[in-house]
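K.L.:
I'll drop the sequence and a predicted model, then ask my questions.
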Amino acid sequence: KIELCSFSGYKIYPGHGSRYIKSDGKSFLFVNKKSKRLHLTKRNPRKISWTVLYRRKHKKGQIEEISKKRTRKTQKFQKAVAGATINEIMAKRNQKPEVRKAQREQAIRAYKEKQKAKQVTKKPAAAAPKSKSKGSKAAKQPAGKAPGRVGGKR
């Protein structure tokens, strides 16, 4: 059975390496004296450049795996917009352009007529106060402010 070195991560074939057992019962298998000595002096295998853990941490020798990685294509997904369901949106999209244009023009005409009606009702009410007050320019400006100033620093 092929085992792995507890420090370096190298393969240990049968008949090779040495086993070290601590007093608490934990056993460690080392490929050679070098890795055993480094383990016993409490060196971090992630900081020693020849160990497998160091190579994994610093992404060494993984050229083959990078070529396999592919990005997924984004999928198109249709959602309902607030105030309109998907069916309504699809129905509008499938309409002929002439029909849609006619509907748009009709809506614009209706809106303009509504605005005109609003202005007609507003004009007589707004005209009366204007004819009443015939004062000087000073009356229009708020007291205590210069004519051209708006905000900002002093």
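P.N.:
In hand now; what should we look at?
K.L.:
make it CA atoms for all contacts and neighbour counts henceforth
P.N.:
OK.
K.L.:
Helices along this protein, start to end?
P.N.:
Ranges of helices in the chain, per DSSP state H, are 33-40, 52-57, 63-68, 86-94, 97-132, 137-140.
K.L.:
so where's the chain uncertain?
P.N.:
Using pLDDT under 70 as the threshold, the predicted model of the chain has low-confidence ranges 63-69, 124-150, 152, 154.
K.L.:
can you pull the contacts of the residue lying closest to residue 3 once chain neighbours are set aside?
P.N.:
The shortest distance from residue 3 to any non-neighbouring residue, by C-alpha to C-alpha, 6 or more residues apart in numbering, is to residue 12 (5.1 Å). Under the criterion of C-alpha atoms under 8 Å, 6 or more residues apart in numbering, the neighbours of residue 12 are 2-5, 30-31.
K.L.:
could the residues you listed go into TSV alongside neighbour count and distance to residue 87?
P.N.:
TSV is the format used below for the contacts of residue 12 (neighbours: other C-alpha atoms under 10 Å; distance: C-alpha to C-alpha, whole Å):
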residue	neighbour count	distance to residue 87
2	8	63
3	15	63
4	16	62
5	21	64
30	25	69
31	22	69
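K.L.:
Mind picking the two most distant members of those?
P.N.:
Pairwise distances among the contacts of residue 12 were taken by C-alpha to C-alpha; the largest, 12.4 Å, belongs to 2 and 30.
K.L.:
Which members of the contacts of residue 12 are positioned in strands?
P.N.:
3-4, 30 (DSSP state E).
K.L.:
Now flag whichever of those is closest to residue 53.
P.N.:
Taking these together and measuring to residue 53 by C-alpha to C-alpha, the closest member is residue 4, at 12.1 Å.
K.L.:
doesn't residue 16 make contact with the closest one?
P.N.:
No: with contact taken as C-alpha atoms under 8 Å, residue 4 and residue 16 are classed as non-touching, separated by 11.1 Å.
K.L.:
Select, out of the helices of the chain, the one closest to residue 22.
P.N.:
Nearest to residue 22 among these is helix 33-40 (10.7 Å), distances taken as C-alpha to C-alpha.
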